[in-house]
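Peer 1: just to be clear, the model below is a prediction. Sequence and coordinates:
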Amino acid sequence: MRAIELQEYGGPEVLRPVEVDVPEPGPGQVSVDVAYAGVNFADLKARAEGYRVPALPFRPGLEVSGRVRAIGAGVTGLSVGQEVTALTAGGAYAEVAVAQAATVFPLPEGVGLRTAATLPTVLPTAYALVHTVGRLQPGESVLVQSAAGGIGTVVGQLAKAAGAGAVYGVVSSAAKAEYARGYGYDEVFVGEFEKAVRAATGERGVDLALDPVGGETLKASLASLAVFGRLVSFGNASSAEPWSVGQPELYPTGLSVSGFSVLTLAQTAPAALRTLAERAFAKVADGTAVLPITAEFPLEEAARAHRLMGERTSTGKLLLKI
C-alpha cells in the first residue's frame, strides 16, 4: 500500500512516499481503508522533533475517515465495510490505518467521510475546552489562542452557542482575524494581546483562557484572567521549556490552571474519551458547529500540507485525500 514515512527528523522534505505492507489489526484493534486523513500541528512536531514518535521509521497521522477493512479479536459493535472516523496513534497518512477499537466511531448521521476526517481530534478537544474542562458558563468571557485554526474555529462556535458573554480570539495576521470573526468571535487581536484584553474587558480580564501555544503566550494568557479565572493549556506549539505555576500566580486572585490532551486521554481513559467524542460529534450533526476545510492535498503531497501549516498562513482544517 501507499504511505508517507519519515526516516529522519527535519523539515517537510523528510516526508517520503513509500510502498509498505498492509497492516493487520491485533486484538482490540480495527483496520480502516482510509478515505481522508486530517493534518494536525502535532504531526508537524512529530516530523520535526519526534513528538510522540516511538521509533524511526515512522508513519505520521492521527485521524482518519474511511471504511472498516478488518476487525481484530475481541472487537464488537463494528462491522467490515462500515463508515467510520478514527483517532490513531500514528500511521494515518496511508491507504490503510490501524486504530484501537475504543477510538473508532461510526459516522454521525448526516456527516460524510470528508467532514468526518476532521472530527477525531478537533471536536472532542474543542468540546472539552468549552464544556468539560473549561466549564464555560452563560455570560462568561473566553480568550482563545490560534482562533483561526481548526480547533479555534470550532471553539468560537461552541462558546457562542453556550451563551458566552464575549468571545475573544488571538491570531498572527489581519487576514486570520477577519476569518475568525466568521466563527463566533466578537473581537480578534493580532499578535500581542494582554493589554488589548484588559482594554476590551474594562480592565477586568476574561473568565476562561484557552492556550495551545505555551511559553510566554501561556504566561500572558494567565495574566489576562479575571478574578477566579480559569486557564486551560492544551498544547505547546512554541516548544517552550515546561513552565511551573504556583502560589505566587494563583493565590492573589484565586486563579486555576488545568490541561487537556485528546491523545493522552485516548491512552489513559478511552471510555471517557468515547463519551466526550459522542457528545462533541452531536454538535456537528445538529448544526451547532461546522468545520471549515480550507485545503486538500493528495497523499503524495503531504509535505506541501506540512509546509502550508508550518508557514502559519493556513486557516481551518487541512486534509489529505487518500
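Peer 2: Thanks, I have it.

Peer 1: spatially central residue in this protein, please.
Peer 2: Centroid-nearest residue in the chain, with CA atoms, centre = their mean: Val122, separated by 3.9 Å.

Peer 1: mind listing what it touches?
Peer 2: 38, 150-151, 154, 291, 317 (CB atoms under 8 Å, 6 or more residues apart in numbering). For glycine as for every other residue, the C-beta is placed from the backbone atoms N, C-alpha and C.

Peer 1: which residues are contacting stretch 157-164?
Peer 2: Residues contacting stretch 157-164 (CB under 8 Å, 6+ apart): 126-127, 130-131, 136-142, 144, 167, 183-184, 283, 288-290.

Peer 1: can you rerun that using 6 Å?
Peer 2: 126, 130, 136, 138, 142, 167, 183-184, 288-289 (CB atoms under 6 Å, 6 or more residues apart in numbering).

Peer 1: test my guess that Ala94 contacts Val18.
Peer 2: No. If you go by CB atoms under 6 Å, Ala94 and Val18 don't touch, sitting 9.2 Å apart.

Peer 1: shared neighbours of the two, anything?
Peer 2: Ala3.

Peer 1: between those two, which one's more packed in?
Peer 2: In this view Ala94 and Val18 are compared by other CB atoms under 10 Å, and Ala94 has more residues nearby, 28 against 14.

Peer 1: how near is the more buried one to Arg304?
Peer 2: To Arg304, Ala94 is 17 Å away according to CB to CB, to the nearest Å.

Peer 1: where does the protein have its least confident helix or strand?
Peer 2: Of all helical and strand segments in the chain, the minimum by mean pLDDT, DSSP states H and E falls on helix 247-250, at a mean of 90.

Peer 1: any idea how far that one is from the middle of the chain?
Peer 2: Here the centre of helix 247-250 is set off from its chain's centre by 29 Å, with CA atoms, centre = their mean, to the nearest Å.

Peer 1: following element in sequence after that helix, please.
Peer 2: Counting by DSSP states H and E, the next helix or strand C-terminal to helix 247-250 is strand 256-259.

Peer 1: local confidence estimate at Ser239?
Peer 2: pLDDT, Ser239: 84.

Peer 1: in contact with it, which residues are there?
Peer 2: Ser239 touches nothing, counting by CB under 6 Å, 6+ apart.

Peer 1: with Leu123 instead?
Peer 2: Counted by CB under 6 Å, 6+ apart, Leu123 has contacts 280-281.

Peer 1: let's verify it: helix, strand, or coil?
Peer 2: Per DSSP: H, G, I helix; E, B strand; the rest coil, the local secondary structure of Leu123 is helix.

Peer 1: also Val284?
Peer 2: helix.

Peer 1: okay, now it: neighbour count?
Peer 2: Neighbours of Val284 using other CB under 10 Å come to 21.

Peer 1: ditto for Leu56
Peer 2: Around Leu56 there are 11 residues (other CB under 10 Å).

Peer 1: same question for Arg312.
Peer 2: 14.

Peer 1: now do it, the pLDDT please.
Peer 2: 80.

Peer 1: any idea how far it is from Leu263?
Peer 2: 22 Å.

Peer 1: now swap in Tyr127 and tell me
Peer 2: Applying CB to CB to Tyr127 and Leu263 gives a distance of 15 Å.

Peer 1: give me the more crowded residue out of these two.
Peer 2: Comparing Tyr127 with Leu263 by neighbour count (other CB under 10 Å), the higher total belongs to Tyr127, at 25 against 19.
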